[in-house]
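Asker: Need coordinates for the following:
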Amino acid sequence: MGDHYHGPATGVTRWLFTTNHKDIGTMYLWFSFAMFLLGGFFAMVIRAELFQPGMQLVEPAFFNQMTTLHGLIMVFGAIMPSFVGLANWLIPMMIGAPDMALPRMNNWSFWILPPAFLMLASTLFMEGGAPAFGWTFYAPLSTTYAPPSVTFFIFAIHILGVSSIMGSINIIATVMNMRAPGMTYMKMPLFVWTWLITAFLLVAVMPVLAGAVTMMLMDVHFGTSFFSAAGGGDPVLFQHIFWFFGHPEVYIIILPAFGVVSQIIPAFSRKPLFGYASMVYATASIAFLSFIVWAHHMYTVGMPVAGELFFMYATMLIAVPTGVKVFNWITTMWRGALSFETPMLFCIGFLVLFTLGGFTGLMLSIAPADFQYHDTYFVVAHFHYVMVAGAVFSMTAAVYYWLPKWCGRMYNESMGKAHFWISFIGFNITFFPQHFVGLAGMPRRIPDYALQFADFNMMSSIGAFIYGASQLLFLYNVVATIVAGERVSDEKVWDGAEGLEWTVPTPAPYHTFEEPPLVPKPAGTI
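Answerer: Take a look at the predicted model:
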């Protein structure tokens, strides 16, 4: 402590030891984008193999390794860290806090992620190859028949679980203890609300995932039989434990996305969010219900009919608060002064496609129908409409929306709109045909398929490469913005419609549901 202060750290030191919430948020965002590109590359390998029937590029075992790593890296490496990065950047500013409550823990929760995913990716080069048991790693396939690399996979899962728990505790502590005077809970921006609830979900279910992989570790190395029927264990037990984590997990992924959309739609509708309180209660309802629907992933394991009925009705019930949210977003846009900049386009794309994903989810919730859909490409189509069109589209909207605030420079709007349309079209060409091949009976996670599925699979693969290419356009736009984008002014924002300029209500850094709508001024005035 006696040493003289030598100014702020620079270079590598700045990023390695930073406790600044903005720097840590930036690192999360760049790391998650790198993982997004890696997971996307694995997806391209999958789609290239499925471009036509027969075995072209890869061995079946390697194909299964690709599906496993694609799922794990996209869920745990791309989507979750990206929203944590967003939380780090925005929550302190939105609630008027100087930083996160636990800045040093914040640094650690980020820096343990790159080694964990490096370890996970390195399993590709190990003897026996990477894990090939799918992102759900069902036992006994992941215990009795797993390659030696399963141990590294378990360790990686533990580390990223620790990271998630630390990040969540930090968010809870920040929101509950560091709000500015007058910032009551019901005045917090919706993004802060969704993340607060998400953080509680994470703290509740991450230890369950840790328990599942610890039992796997015991079965693999220490002679236990948690999931081996031969030793008195139960493979279905694994599914119950995994999905008790796994279903809240999908809401952990989508709730922050809801928060993002609830910030952006009011901004480009020029009016406050419709039904703020109902949005908060809907978010809390979704979080509660997410704990009692897990076995809808397991209708085919042979559970009692009473169990099927319970999970069926509970799953249908979760559609109600979600429907409330969609209604509120649409009603916010109703008779608003809409303008269709890139973030708004991604949010409207989110609304349309996420709702479609919700409808197919409702179909899957019906137990007798799910016996037909289960383990087909229909399920793949459903969850990509929710995950990609839900989480990834809203995350992209968030980057376009807040990037000028983050770096003080404006992105290229035309390129942003091109990115939206290419990815929107590419996404639908990829995943819409998968509903059809799924209903026709094509199973998921197979490297080869019957001839009658060839045309739709070819469409799917072409769409996937279009969608993948659009992300490179996104990367270019973001980098070009940071390096040489046009400087932005924080005094006024151009509306785009009729040359109006809208004054930004400074100094308030947040929009609450009580704010009056912004009033247009004649062009040329400040």
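Asker: Give me the below-cutoff pLDDT ranges for this structure.
Answerer: The chain contains residues with pLDDT under 70 at 1-7, 490-526.
Asker: all strands of it, in order?
Answerer: For the chain, the strands defined by DSSP state E occupy 409-410, 486-487, 492-494, 501-503, 520-521.
Asker: Pick out the residue nearest the middle of the protein.
Answerer: Nearest to the mean C-alpha position of the chain, by CA atoms, centre = their mean, lies Ile79 at 3.5 Å.
Asker: how close does it get to Tyr373?
Answerer: As judged by CB to CB, to the nearest Å, Ile79 and Tyr373 stand 24 Å apart. For glycine as for every other residue, the C-beta is placed from the backbone atoms N, C-alpha and C.
Asker: What of Met176?
Answerer: Per CB to CB, Met176 is found 41 Å from Tyr373.
Asker: Now do stretch 23-33: everything it contacts.
Answerer: Stretch 23-33 has contacts (CB atoms under 8 Å, 6 or more residues apart in numbering) with 14-15, 18, 77-82, 84-90, 100, 106-107, 110, 113-114, 399, 406, 475.
Asker: got a list of contacts for stretch 257-267?
Answerer: So stretch 257-267 is contacted by 83, 86, 189-195, 272-273, 279, 283, 325, 329, 332-333, 343-344, 347, 350-351, 390-391, 394-395, 397-398, 401, 511 (CB under 8 Å, 6+ apart).
Asker: can you do 7 Å?
Answerer: 189-191, 193-195, 272-273, 279, 283, 325, 329, 332-333, 343-344, 347, 350, 390-391, 394-395, 397-398, 401, 511 (CB atoms under 7 Å, 6 or more residues apart in numbering).
Asker: Among those residues, which are located in helices?
Answerer: When DSSP state H defines the helices, the subset of the contacts of stretch 257-267 inside them is 190-191, 193-195, 279, 283, 325, 329, 332-333, 343-344, 347, 350, 394-395, 397-398, 401.
Asker: longest helix in the protein, by residue count?
Answerer: Max-length helix for the chain by DSSP H is helix 235-269.
Asker: roughly how far is it from the heart of the chain?
Answerer: Put simply, helix 235-269 sits 7 Å off its chain's centre (CA atoms, centre = their mean, to the nearest Å).
Asker: and what of stretch 133-143?
Answerer: Per CA atoms, centre = their mean, the centroid offset for stretch 133-143 relative to its chain is 22 Å.
Asker: mind listing what's buried in that stretch?
Answerer: Residues 133-137, 139-143 are the ones in stretch 133-143 that count as buried (16 or more other CB atoms under 10 Å).
Asker: Can you pick out the most distant pair from the residues you listed?
Answerer: Using CB to CB, the buried residues of stretch 133-143 span at most 17.0 Å, a distance reached by Trp135 and Pro140.
Asker: Just the CA atoms of stretch 79-88, as PDB, please.
Answerer: Output in PDB follows, covering the C-alpha atoms of stretch 79-88 (Å, rounded to 0.1, in the frame of the first residue of the first chain):
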ATOM      1  CA  ILE A  79     -25.100 -17.600 -25.100                       C
ATOM      2  CA  MET A  80     -24.600 -17.600 -21.300                       C
ATOM      3  CA  PRO A  81     -21.300 -15.600 -21.200                       C
ATOM      4  CA  SER A  82     -22.700 -13.100 -23.700                       C
ATOM      5  CA  PHE A  83     -25.600 -12.200 -21.500                       C
ATOM      6  CA  VAL A  84     -23.300 -12.100 -18.400                       C
ATOM      7  CA  GLY A  85     -21.100  -9.600 -20.300                       C
ATOM      8  CA  LEU A  86     -24.200  -7.600 -21.100                       C
ATOM      9  CA  ALA A  87     -25.200  -7.700 -17.400                       C
ATOM     10  CA  ASN A  88     -21.700  -6.500 -16.400                       C
END
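Asker: Now find how far off-centre it is within its chain.
Answerer: 9 Å.
Asker: And for stretch 66-86?
Answerer: Mean C-alpha position of stretch 66-86 versus that of the full chain (CA atoms, centre = their mean) differs by 7 Å.
Asker: now stretch 124-136
Answerer: 23 Å.
Asker: for it, how far is the first residue from the last?
Answerer: 18 Å (CA to CA, to the nearest Å).
Asker: For Thr123, see how far away Pro148 is.
Answerer: Separation of Pro148 from Thr123 (CB to CB): 9 Å.
Asker: who's more crowded, the two?
Answerer: Thr123 (22 against 12; other CB atoms under 10 Å).
Asker: Now do the same contact list for that one.
Answerer: Thr123 sits next to 130-131, 149, 152-153 when contact means CB under 7 Å, 6+ apart.
Asker: same check, this time on Val399
Answerer: Taking CB under 7 Å, 6+ apart as the test, what Val399 contacts is Val478.
Asker: Could you export the contacts of Thr123 as CSV, including neighbour count and distance to Gln52?
Answerer: CSV is the format used below for these (neighbours: other CB atoms under 10 Å; distance: CB to CB, whole Å):
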residue, neighbour count, distance to Gln52
Ala130, 25, 25
Pro131, 27, 27
Ser149, 22, 30
Phe152, 18, 34
Phe153, 24, 31
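Asker: quick one: contacts for Thr19?
Answerer: Per CB under 7 Å, 6+ apart, neighbours of Thr19: 103-104, 106-107.
Asker: let's go with 10 Å and repeat that
Answerer: By CB atoms under 10 Å, 6 or more residues apart in numbering, the contact set of Thr19 is 99-100, 102-107.
Asker: Starting from His247, give me the distance back to it.
Answerer: In terms of CB to CB, Thr19 sits 34 Å off from His247.
Asker: This completes my enquiry, with thanks.
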